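Colleague: Structural data only, the sequence is not supplied:
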């Protein structure tokens with residue numbers, strides 16, 4: 001198949017949506033399909049207010065239409081609900097072309113965290129946006145149930161994967177003590193440094209050892225000033241990121257608004273137990289309560305201390321249940337099912 005993916009999130013952005021689309025493309029191409037990614041890099045952009053790392057396309061419709069016509073896709077998947085996603089939606093509806101979409105990010109909750117604005121209107125927009133898709137792909141079963149309660153329709157579960165060859169317990173571990181003069185246990189967070197990630201729920205706790213934040217974002221400077229005993233490394237990628245996981249003792253995932261949490265799978269694949277709240281994402285990946293692979297529940301400090309007793313071999317085995325090949329096959333099945341739905345309409 002010739003598959004076109006339209007995404008407002010693409011390189012050089014560093015986030016779970018970009019990693020998902022990139023690894024999905026690689027897995028689909030390995031299966032023999034032709035995949036084209038249309039992202040902001042192909043258009044004129046402006047920085048997103050309060051989050052300049054994210055670039056927003058300016059009037060992309062005409063150029064996007066030419067790109068779609070030139071590629072001649074068998075299937076169109078709209079990844080995000082930004083300016084590019086809106087333009088692709090408008091093009092598809094204008095041509096009578098069916099498409100699939102995916103729900104990756106709780107933008108209503110992110111907007112509320114940043115501005116205090118109610119989630120009602122943003123969710124109304126998202127229902128309208130995805131309501132035109134033949135199927136909307138959702139990363140977890142718990143999120144699917146929640147969106148159904150909010151009035152979303154035509155939803156399908158589509159899980160994620162992890163590169164178990166890149167992320168492994170025997171990755172050449174970083175020596176935190178030699179490099180930074182800090183002592184263990186090493187409590188690691190990986191991800192955006194932004195208010196919606198609820199980082200202060202982790203950084204404000206009294207805990208043994210050293211808290212380490214890998215990543216960057218609009219709140220990094222303020223949090224680094226407020227918590228001078230926390231180690232902020234900035235972004236790490238590839239082998240350095242795998243080494244950071246492998247060298248740590250617990251992975252802490254404080255977010256309560258994520259829809260999945262790819263970093264949870266990466267940590268587990270490196271043998272790193274996970275501590276998180278019992279919310280969408282962690283509860284879809286980890287066993288309930290305290291287990292050999294970590295702990296989830298309402299008390300994050302208790303979860304972190306319990307995860308210190310985790311079993312690194314069990315973590316690795318648990319991560320092996322998730323692969324990008326399985327993710328790609330689920331995506332293909334959904335795309336083909338959507339095409340049958342469109343033909344039958």
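Modeller: Done, it's in. In this text the structure is predicted, and so the values were computed from the model without any measurement.
Colleague: Quick one: the helices in the stretch 201-345 of the chain, in order.
Modeller: For the stretch 201-345 of the chain, the helices defined by DSSP state H, counting those that start in this stretch occupy 220-226, 238-246, 262-269, 282-285, 300-307, 312-319, 324-344.
Colleague: do you know which of the ones you listed lies nearest residue 64?
Modeller: Proximity to residue 64 (Cβ to Cβ) singles out helix 324-344 among these, at 19.7 Å. (Glycine included, C-beta is placed from N, CA and C.)
Colleague: What mean pLDDT does stretch 188-206 get?
Modeller: For stretch 188-206, the mean pLDDT works out to 96.
Colleague: Equivalent analysis for stretch 250-270, please.
Modeller: The average pLDDT within stretch 250-270 is 96.
Colleague: Packing partners of the lengthiest strand in the chain?
Modeller: As assigned by DSSP state E, the longest strand anywhere in the chain is strand 51-57. Contact here means 3 or more Cβ pairs under 8 Å, 6 or more residues apart in numbering; DSSP states H and E; on that basis strand 51-57 packs against strand 45-48, helix 83-95.
Colleague: Could you identify which of those is most buried?
Modeller: Among the helices and strands packed on strand 51-57, the stretch with the highest mean neighbour count (mean count of other Cβ atoms under 10 Å) is helix 83-95, at a mean of 19.
Colleague: How about residues contacting whichever helix or strand comes after that helix?
Modeller: Going down the chain from helix 83-95, the next helix or strand is strand 100-102, by DSSP states H and E. Contacts of strand 100-102 from elsewhere in the structure, counted by Cβ atoms under 8 Å, 6 or more residues apart in numbering, are 75-79, 81, 85, 89, 129-130, 133-138, 158, 334-335, 338.
Colleague: Looking at these, which are in strands?
Modeller: 75-78, 135-138.
Colleague: which of those residues has the most neighbours?
Modeller: residue 78 (29 neighbours; other Cβ atoms under 10 Å).
Colleague: May I have the beta-bridge partners of it?
Modeller: Beta-bridge pairing of residue 78 under DSSP bridges involves residue 6, residue 101.
Colleague: Also residue 186?
Modeller: Here residue 186 sits in beta bridges with residue 210, going by DSSP bridges.
Colleague: I'd like to know how far it sits from residue 193.
Modeller: 18 Å (Cβ to Cβ, to the nearest Å).
Colleague: wait, residue 106 sits on residue 255?
Modeller: No: using Cβ atoms under 8 Å, residue 106 is not in contact with residue 255; the gap is 9.7 Å.
Colleague: Which parts of the stretch 101-250 of the chain are strands?
Modeller: Counting by DSSP state E, counting those that start in this stretch, the stretch 101-250 of the chain has these strands, from start to end: 135-138, 155-157, 186-190, 210-214, 231-234, 250-253.
Colleague: Give the buried residues for the fourth one.
Modeller: Buried residues in strand 210-214, counting neighbours by 16 or more other Cβ atoms under 10 Å, are found at 210-214.
Colleague: mean confidence for that strand?
Modeller: 98.
Colleague: counting contacts, what elements does it pack onto?
Modeller: If contacts are counted by 3+ Cβ pairs under 8 Å, 6+ apart, strand 210-214 sits against strand 186-190, helix 200-203, strand 231-234, helix 238-246.
Colleague: export those to TSV and tack on mean neighbour count?
Modeller: Below are those laid out as TSV (neighbours: other Cβ atoms under 10 Å):
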stretch	mean neighbour count
strand 186-190	24
helix 200-203	18
strand 231-234	16
helix 238-246	19
